[in-house]
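Novice: sequence plus the predicted model coming up.
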Amino acid sequence: MTLQDKIIKHFTDSIQAKQDTLHTLTEAIEFASQKMVAALLNDKKILTCGNGGSACDAQHFSSEMLNRFERERPPLPAIALSTDTSTLTSIANDYHFDEVFAKQLRALGQSGDVLLAYSTSGNSANIAKAIATAHDKDISCIVLSGKDGGAIASILNDSDIEIRVPSQSTARIQEVHLLINHCFCDLIDQQLFGGV
């Protein structure tokens, strides 16, 4: 396989993952955006978390909410729990890395908030602990996952939403998560501020 063949394969595989998601998850994406809008309209916030590339997705979503997506509008309350290195490393050092999001959620989360969590495998122990903490605090969970949903799929409750990208490739899942992030931003802006 030539280098150009590899490039073509990456693009075609990415397109296929997006097509598969389009055909199976548009309703879940819409419903998740509505859940976040309902929280924002009730003066609540969205807390996001993820590891590695998924931490980037969490931070990306938060920054689009706090600043802007594609239109001028007031800032919207969102906090990325994966960005404060002093907090993350102190919790991981003093307790355990599994607690890095849950401990922050116990301090910052309030009933009616939304936890937006990213895990391509669905097996991130610190995401699972954050979800358990969210349930204890009456915080709804929206989970962007992939593969078979992993261990996290089994701990979600009826008020949670799982958006599981139908792919086994971490890279393809992350690419679709980014597109879903942009869908969320656009749908939230549309519902809150109208327009096209």
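Specialist: Now that the structure is in, tell me what you want to look at.
Novice: test my guess that residue 44 contacts residue 114.
Specialist: Yes: with contacts counted by C-beta atoms under 8 Å, residue 44 reaches residue 114, the gap being 7.1 Å. Just so you know, the C-beta spots here come from the backbone N, C-alpha and C atoms, and that holds for glycine as well.
Novice: give me the more crowded residue out of the two.
Specialist: More crowded of residue 44 and residue 114, by other C-beta atoms under 10 Å: residue 114, with 25 against 19.
Novice: show me what that one is bridged to.
Specialist: residue 46, residue 140 (DSSP bridges).
Novice: how about the one 4 residues further on?
Specialist: Each beta-bridge partner of residue 118 is listed here: residue 144, as defined by DSSP bridges.
Novice: show the contacting residues for residue 184.
Specialist: If you count contacts by C-beta atoms under 8 Å, 6 or more residues apart in numbering, residue 184 has them with 29, 32, 33, 36, 61.
Novice: could you check the pLDDT of it?
Specialist: Residue-level confidence at residue 184 comes out at 98, pLDDT.
Novice: let's verify it: helix, strand, or coil?
Specialist: Three-state call for residue 184 (DSSP: H, G, I helix; E, B strand; the rest coil): helix.
Novice: what about it, distance to residue 138?
Specialist: To residue 138, residue 184 is 22 Å away according to C-beta to C-beta, to the nearest Å.
Novice: could you pull up the residues touching residue 165?
Specialist: The contact partners of residue 165, by C-beta under 8 Å, 6+ apart, come to 17, 20, 21, 25, 120, 144, 145, 146, 172, 173, 176, 177.
Novice: noted, bye for now.
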